[in-house]
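Trainee: Sequence and predicted structure below; questions after.
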Amino acid sequence: MNKVLFLGNSPAINDIDFDRIDPKVTIVGTNRAWLKVVPDYLFFHDIKIFKELDANPDRFKELKHKCKFISSDWLGTQCKKQKITGPAYTTIYPRPNRYKFVDCVTTAIEIYDRYISKTKNTYYVAGVSLAWSEPSHFWKVRPADNIGNGLNEKWYEPRFKKTYINFEDLKRKGFDIISVSPGSKINKIFRYEHVANLYS
């Protein structure tokens with residue numbers, strides 16, 4: 001059974017020592033996880049993310065050399081609405097369920113499982129608290145790089161609830177998921193383990 005670590009963007013990923021992650025563990029980052037680690041895959045849905053990558057050319061060059069960029073058809077929809085061209089370096093996959101709320105982490109898990117992985121996996125989830133706190137994201141400390149957004153609790157809370165429902169759906173589908181974020185709401189659905197269990 002292969003181990004795949006999915007990274008959300010809550011401050012919990014600040015507690016991960018990425019230098020100690022077992023090299024056999026595949027890392028899939030979402031959104032601004034690239035600020036913390038160069039993952040094997042980077043999944044994003046928002047136009048703002050690839051604009052931020054363009055604005056950080058040195059890091060972008062490193063990412064392009066070491067990881068693969070993936071997204072869903074939702075990104076194409078957003079680009080079409082804004083009449084802009086999406087990033088040519090990103091592979092777009094159809095969402096397995098186009099009627100579900102589009103959150104990055106559960107969408108990335110389903111896409112990775114359906115289109116990319118050729119084996120059975122245990123999926124470890126870090127940085128998904130689904131509860132508002134301030135700072136709400138580990139990258140809030142990077143305003144000098146024009147990274148981030150000004151969205152608040154009122155915007156996030158209903159999305160947290162919908163994302164929780166998506167995780168419940170993955171549980172029903174039989175996904176082998178383990179939370180490695182203490183205090184996360186998804187710990188009510190999946191068992192929790194300390195992230196150090198992924199260290200070599």
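Mentor: Cool, the structure landed.

Trainee: so what pLDDT did Asn149 get?
Mentor: Per-residue confidence (pLDDT) for Asn149: 78.

Trainee: number of nearby residues for it?
Mentor: For Asn149, the neighbour count with other C-beta atoms under 10 Å is 13. Where C-beta positions appear, they are placed from N, C-alpha and C, glycine not excepted.

Trainee: Which of the three states applies to it?
Mentor: Of the three states, Asn149 takes coil under DSSP: H, G, I helix; E, B strand; the rest coil.

Trainee: Glu168 sits in which helix or strand?
Mentor: Assigned by DSSP states H and E, Glu168 belongs to helix 153-172.

Trainee: Alpha carbons only: can I get that helix in CSV?
Mentor: The C-alpha coordinates for helix 153-172 follow below in CSV (Å, rounded to 0.1, in the frame of the first residue of the first chain):
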residue,chain,number,x,y,z
GLU,A,153,-14.6,33.7,8.4
LYS,A,154,-18.0,34.5,6.9
TRP,A,155,-16.8,33.4,3.5
TYR,A,156,-15.0,30.3,4.7
GLU,A,157,-17.4,28.8,7.2
PRO,A,158,-20.1,27.6,4.7
ARG,A,159,-17.3,26.2,2.5
PHE,A,160,-15.8,24.3,5.5
LYS,A,161,-19.2,22.6,6.0
LYS,A,162,-19.5,21.6,2.4
THR,A,163,-15.9,20.3,2.4
TYR,A,164,-16.7,18.2,5.5
ILE,A,165,-19.6,16.6,3.6
ASN,A,166,-17.2,15.8,0.7
PHE,A,167,-14.9,14.0,3.2
GLU,A,168,-17.9,12.1,4.5
ASP,A,169,-18.6,11.1,0.9
LEU,A,170,-15.0,9.8,0.5
LYS,A,171,-15.5,7.7,3.7
ARG,A,172,-18.7,6.2,2.2
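
Trainee: Sort out which residues of the helix or strand that it is followed by are buried, please.
Mentor: The element immediately downstream of helix 153-172 (helix or strand, assigned by DSSP H and E) is strand 177-179. By 16 or more other C-beta atoms under 10 Å, the buried positions in strand 177-179 come out as Ile177, Ile178, Ser179.

Trainee: In terms of secondary structure, what does the helix holding Glu168 contact?
Mentor: With contacts defined as 3 or more C-beta pairs under 8 Å, 6 or more residues apart in numbering; DSSP states H and E, helix 153-172 has these neighbours: helix 104-111, strand 177-179.

Trainee: of all these, which gets the most neighbours per residue?
Mentor: Mean neighbours per residue, mean count of other C-beta atoms under 10 Å, is largest over the helices and strands packed on helix 153-172 for helix 104-111, with a mean of 25.

Trainee: contacts for that one?
Mentor: Helix 104-111 has contacts (C-beta atoms under 8 Å, 6 or more residues apart in numbering) with 6, 8, 28, 30-31, 41, 43-45, 70, 72, 74, 93, 95-97, 100, 123, 125, 128, 163, 166-167, 169-170, 175, 177.

Trainee: Ok, stretch 44-64 next?
Mentor: If you take C-beta under 8 Å, 6+ apart as the criterion, stretch 44-64 is touched by 30-32, 34-35, 38, 42, 69, 71-72, 74-75, 78-79, 82, 84, 86-87, 89-90, 102, 104, 107, 145-147, 149.
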